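K.L.:
3D, please:
(chains A, B, C and D)
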Protein chains: 2
Amino acid sequence: MEFQVSFHLNEKVFLKDPESSELGKQLIKSAIDLIYELGFEHFTFKKLATEVSTTEATIYRYFENKHRLLLYILNWYWSYMEFLVMFRLQNVADPQVKLQIIIELLTQELPESSGTMDYNKRYLNQIIISESSKVYLVKEVKEINKSEVFKAYKDLCAKIAEVVSEYNPDYLYPRSLSSTLIEMSHFQQFFSNYLPKLTDVGGLGHKDFTARFLTDLLFKAIGK
Amino acid sequence: MEFQVSFHLNEKVFLKDPESSELGKQLIKSAIDLIYELGFEHFTFKKLATEVSTTEATIYRYFENKHRLLLYILNWYWSYMEFLVMFRLQNVADPQVKLQIIIELLTQELPESSGTMDYNKRYLNQIIISESSKVYLVKEVKEINKSEVFKAYKDLCAKIAEVVSEYNPDYLYPRSLSSTLIEMSHFQQFFSNYLPKLTDVGGLGHKDFTARFLTDLLFKAIGK
DNA sequence: TCCATATGATAGTATTACTATTGTTAATTG
DNA sequence: CAATTAACAATAGTAATACTATCATATGGA
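P.N.:
Just a heads-up that it's a prediction; the model follows:
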């Protein structure tokens, strides 16, 4: 069976919906490749334009600047992740199992292609790990936040927090714990890869290690 | 009693030690002001040069680029924090009390001026919170790490991990827990300030909230 | 056929992130 | 005291970045 999921991403992230045209879709696809390859700092619209054989001017018709493009990609990821959580928790009654599934989703690679969106999931994953903080750790965060472009992140966080509270209604910090899980699912992977002394990764793969660490942390925090 | 602390920061961070001249010291001081004010992305050597009435060329004799300057500031912070931890743990026997002191240090503002280094501590604090991830979340992290410029961070992390292990020798993830504490002491403050829905800050101040959340998390993780 | 919309082509600007050269001054040393 | 060096100022210049603007062309409905 073929099916496809799509989310309507906050329209304030883009000027013109990249989903609305072939070029737009190609833009996102290539952007993911390029950001992965160069890192966000070295990624420019000029390079992206060359990659998809168009001009800077055209890209500026889709996105105000490269920060917005990254925000678009992250919005897509957050929405997709929330969908995956919802999807994978179907018919699971036990909140403990639910939480285990959530940690698995946060630490393992994204499942391949659900429909037309055939972004390179390995690259996307790396971008989430290495670049996601950069969309909010900016001076303009207050301004940007007003346009609700972080809603998808907050929703994901809220969804996880809900399950935390289901597991233990008395736990005082469900949302902070959720954002900690999300952030640390990235950071611990990044650290165990590049700065392993900041972790206890040892001989394990960094995804497995991160999953174990977070599972331990989570269930101890909310009580087993 | 007057005293002053100084650390010898890794020499690979700078080209010419800013501690070695008046201009150099002024550079760091003004850099902290400017990065705070503009955010790291909008901070440039040109602006810094104007601020201290010198030229870009001169600044380039001290630092290879602005990333290195930020790294210098963070090295200073990490070293200072490690010193503070060591200092404040003197004659404290109980590892539980030690950990409480550590969380306090991580979440409260830096104590004012220990000697000549009269950087603006409030600004410095904000920089740590908002900009610190940017020094390692870069494509070049592997290369940069080879010059050991993250040693101060790793040392701080190791020192905290040591106390964690002292408290509970059986805990499996002392270093990951420590890096989680450090990172989350910044992120939860940032979130509770700008994206409060990602937290459970409620009516509390964001420093106090972060301290409470981390205390709860830490002691539950390692067992009370 | 007309009209809107999307894109291409081209140009241009201010700023950024550097590098290079030369000159001045002040401190160090022989 | 002269000579040298180091530190910095002054100036210039370059390639890349982050945009903005204008106009032409193609395409696909109404």
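K.L.:
wouldn't A:D155 be in contact with A:E82 here?
P.N.:
Yes - using CB atoms under 8 Å, A:D155 is in contact with A:E82, at 5.7 Å. To be clear about C-beta, it is placed using only N, CA and C from the backbone, and glycine gets the same treatment.
K.L.:
which one of these two has more residues nearby?
P.N.:
A:E82 (19 against 15; other CB atoms under 10 Å in any protein chain shown).
K.L.:
so the more buried one is in which element?
P.N.:
Element membership for A:E82, per DSSP states H and E: helix A:66-88.
K.L.:
do that helix and DNA strand D meet?
P.N.:
Yes - Helix A:66-88 comes into contact with DNA strand D (CB under 7 Å from any atom of the strand), by way of A:66-67.
K.L.:
counting neighbours, which bits of that helix end up buried?
P.N.:
Going by neighbour count (16 or more other CB atoms under 10 Å in any protein chain shown), the buried part of helix A:66-88 is A:66-82, A:84-85.
K.L.:
repeat that for stretch A:9-20.
P.N.:
A:9-10, A:13-14, A:18-19.
K.L.:
does that stretch come close to DNA strand D?
P.N.:
No - judged by CB under 7 Å from any atom of the strand, stretch A:9-20 and DNA strand D are separated, with a smallest distance of 9.6 Å.
K.L.:
got the contact list for A:S133?
P.N.:
Neighbour list for A:S133: A:183, A:186, B:133, B:137 [criterion: CB atoms under 8 Å, 6 or more residues apart in numbering or on different chains].
K.L.:
please read the previous query as pertaining to A:E19.
P.N.:
With CB under 8 Å, 6+ apart, A:E19 has these contacts: A:6, A:25.
K.L.:
and it, which of the three is it?
P.N.:
helix (DSSP: H, G, I helix; E, B strand; the rest coil).
K.L.:
distance-wise, check it relative to A:I128.
P.N.:
Noted for A:E19: a distance of 20 Å to A:I128, by CB to CB, to the nearest Å.
K.L.:
how about the contacts made by the residue nearest in space to the middle of chain A?
P.N.:
Against the mean C-alpha coordinate of chain A, by CA atoms, centre = their mean, the closest residue is A:Y77 at 4.1 Å. Residues in contact with A:Y77 (CB under 8 Å, 6+ apart) are A:110, A:124, A:128, A:132.
K.L.:
and for A:L70?
P.N.:
A:35, A:40, A:131, A:134-135.
K.L.:
apply 10 Å and report the result again.
P.N.:
A:13, A:31, A:35, A:40, A:43, A:63, A:127, A:131-132, A:134-135 (CB atoms under 10 Å, 6 or more residues apart in numbering or on different chains).
K.L.:
so where's chain A uncertain?
P.N.:
A:1-3, A:113-117 (pLDDT under 70).
K.L.:
try it again with 90
P.N.:
Flagging of chain A using pLDDT under 90 yields the residue ranges A:1-11, A:110-119, A:203-206, A:224.
K.L.:
sketch out the helices for it, chain order is fine.
P.N.:
A:22-38, A:45-51, A:56-62, A:66-88, A:95-107, A:121-131, A:141-146, A:151-167, A:174-194, A:206-222 (DSSP state H).
K.L.:
let me know which of these is tucked in deepest.
P.N.:
helix A:174-194 (a mean of 24; mean count of other CB atoms under 10 Å in any protein chain shown).
K.L.:
which neighbouring elements make contact with it?
P.N.:
Identification of packing neighbours for helix A:174-194 by 3 or more CB pairs under 10 Å, 6 or more residues apart in numbering or on different chains; DSSP states H and E yields helix A:95-107, helix A:121-131, helix A:151-167, helix A:206-222, helix B:141-146, helix B:174-194, helix B:206-222.
K.L.:
can you lay out those helices as TSV showing distance to B:E104?
P.N.:
Shown next, in TSV, are the helices and strands packed on helix A:174-194 (distance: least, CB to CB, whole Å):
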stretch	distance to B:E104
helix A:95-107	30
helix A:121-131	31
helix A:151-167	26
helix A:206-222	20
helix B:141-146	30
helix B:174-194	10
helix B:206-222	7
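K.L.:
quick one, which of those gets closest to DNA strand C.
P.N.:
Closest approach to DNA strand C among the helices and strands packed on helix A:174-194 is made by helix B:141-146 (13.4 Å; CB to the nearest atom of the strand).
K.L.:
can you list the residues of chain A near DNA strand C?
P.N.:
A:16, A:20-24, A:53-58, A:61.
K.L.:
can you do 10 Å?
P.N.:
Contacts of chain A with DNA strand C, taken as CB under 10 Å from any atom of the strand, map to A:15-18, A:20-27, A:41, A:46, A:49, A:52-62.
K.L.:
near chain B too, which of these?
P.N.:
By CB under 10 Å from any CB of the partner chain, the members of the residues of chain A next to DNA strand C lying near chain B are A:E41.
K.L.:
skipping its backbone neighbours, what lies nearest A:C157 in space?
P.N.:
Leaving aside its sequence neighbours, A:C157 sits nearest to A:S178 (CB to CB, 6 or more residues apart in numbering or on different chains; 4.7 Å).
K.L.:
these two touch, right, that neighbour and B:L198?
P.N.:
Yes - with contact defined as CB atoms under 10 Å, A:S178 counts as touching B:L198 (7.8 Å).
K.L.:
which residues do those two both contact?
P.N.:
By CB under 10 Å, 6+ apart, the residues touching both A:S178 and B:L198 are A:156-158, A:161.
K.L.:
which one of those residues is nearest to chain B?
P.N.:
A:C157 (5.3 Å; CB to the nearest CB).
K.L.:
which residues touch that closest one?
P.N.:
A:78, A:82, A:150, A:174-182, B:191, B:195, B:197-199.
K.L.:
quick one: A:S185 and A:L106 touch, right?
P.N.:
Yes - with contact defined as CB under 10 Å, A:S185 counts as touching A:L106 (3.9 Å).
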